[in-house]
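1. Sequence and predicted structure are below.
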Amino acid sequence: MTGKTGKKGDTGCAVKDCCGRTKIEKHTPLAVLGAVETKSGDIPVVAAKLAFRDILGSFRMRWGIGRYGYSIEPGIYALGRPDPSAPVFVTANYKMSFDRLRKELHGLDCFILVLDTGGINVWCAAGKGTFGTEELIERIKTVGLKKIVRHSQVILPQLGAPGVAAHIVSKKTGFKIIYGPVRAKDIPLFIRNGFKAGEKMRRVDFPFKDRIVLTPMELVAAYKIILGVLIFLCLVELITAGPVSSKIFTELLPYLGAIAVGAVLAPALLPWLPGRSFAFKGWTAGIIYAVIIGYLFSPGPGTFTAWLFILPAMVSFITLNFTGCSTYTSLSGVLREMRYALPALIFSALAGIIIKFVFNGY
């Protein structure tokens, strides 16, 4: 079967990497239930209900396992048995985005137009420009959407709006853009309301549940910090006390705790930590944490002073990284915060490292 995503068995395509070199990007295969015949060719039909491997794949992505290979072939897909009057929803080719959308479209006959975002979700791809005007125009023309449907509208996720100039798309393709709700779960109500989103559907929230579900990625990404801290502690032990002993793992515990505070506790308490800056919020949580473990562990004044410089810097840095997951910040805001926060955090960490070398054991 030749569908609108490529030839049968085609699970990759040629793309350019950051250096302009051509490479083959592998895609995650989808289970195809059949095909819908249209004037533009056969369109693969996929299930709205997620299989176990889809759920397992989402779990892997939450932990950052194989994150950059979790994409599907761009093109157009069908749910149910859509006819030319069926609505067309647009999403990214990041498989989790596609899965979340098709799950909420259960029971609906429709088409899903998948843009090539390099396996990046809608919101991030819109900021990068890959979920953008030119890609949408090109994809509409490539799949022959005018031959597939007799209406002239496509439904985009609201979070994709920053990357798309709707008037240009309409001018070059003849298709009007309708922006759907922020969350896919609101799509059924959006449809019942005549493809109109109420104020609540337009509101971008970042509640506790959303913040916590994103923290595993930050924990996994912190392995480099853990490795760096372990090397640092071994060097301190070698230089100041002689051979490294097993107690080094006990000394590592406060630093592991700092990573947990930065990756889990600070994001969980984000609205209640003082200030607007993520770095300052993380630094505040780090200071409180350092004081608490100083009381619990009762180290010497040298070690405790080193903790006061190093641990808040670690927590602040990890919390600052969380801006990539948050809906609270903009790209310009993140860059501005990093410009001021990173030098301060580096200075604090270096000061703590020096103190630890000089006063280790005191």
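-> Arrived safely.

2. quick one: the residue most central in space within the chain from L136, how far?
-> Closest to where the C-alpha atoms of the chain average out (CA atoms, centre = their mean) is C325, at 5.7 Å. Remark: distance between C325 and L136 (CB to CB, to the nearest Å) = 25 Å. Where C-beta positions appear, they are placed from N, C-alpha and C, glycine not excepted.

3. can you check R62 too?
-> 28 Å.

4. who has more neighbours, these two?
-> L136 (26 against 16; other CB atoms under 10 Å).

5. Within the helices and strands, which one has I259?
-> For I259, the element it lies in under DSSP states H and E is helix 248-260.

6. pLDDT weak spots in this structure?
-> 1-25, 324, 327-331, 361-362 (pLDDT under 70).

7. quick one: the strands in it?
-> In the chain, the strands defined using DSSP state E lie at 12-16, 22-26, 32-38, 41-46, 75-79, 88-92, 110-115, 153-156, 176-179.

8. now the ones you listed in a markdown table, with distance to D205?
-> Shown next, in a markdown table, are the strands of the chain (distance: least, CB to CB, whole Å):
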| stretch | distance to D205 |
| --- | --- |
| strand 12-16 | 34 |
| strand 22-26 | 33 |
| strand 32-38 | 35 |
| strand 41-46 | 29 |
| strand 75-79 | 27 |
| strand 88-92 | 20 |
| strand 110-115 | 25 |
| strand 153-156 | 20 |
| strand 176-179 | 17 |
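
9. out of those strands, nearest to S298?
-> strand 88-92 (51.6 Å; CB to CB).

10. hmm, who's touching that closest one?
-> Strand 88-92 is contacted by residues 97-98, 101, 105, 110-115, 117, 120-122, 125, 131, 136, 145, 149, 153-157, 160, 180, 187 when judged by CB atoms under 8 Å, 6 or more residues apart in numbering.

11. Please, a ChimeraX command that selects the buried ones among those residues?
-> The buried residues among the contacts of strand 88-92 can be selected in ChimeraX (16 or more other CB atoms under 10 Å) with this line:
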select :97,98,101,105,110,111,112,113,114,115,117,120,121,122,125,131,136,145,149,154,155,156,157,160,180,187
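
12. What about M338, how many residues nearby?
-> 16.

13. For the residue nearest to the centre of the chain, which residues are in contact?
-> 211, 214, 217-218, 267.

14. one more time with 7 Å
-> Shown in contact with C325 (CB atoms under 7 Å, 6 or more residues apart in numbering): L214.

15. distance of L159 from A125?
-> 10 Å.

16. Same check on E218?
-> For E218 relative to A125 (CB to CB), the value is 20 Å.

17. R339 too?
-> Distance from R339 to A125, counting by CB to CB: 25 Å.

18. Good, wrapping up.
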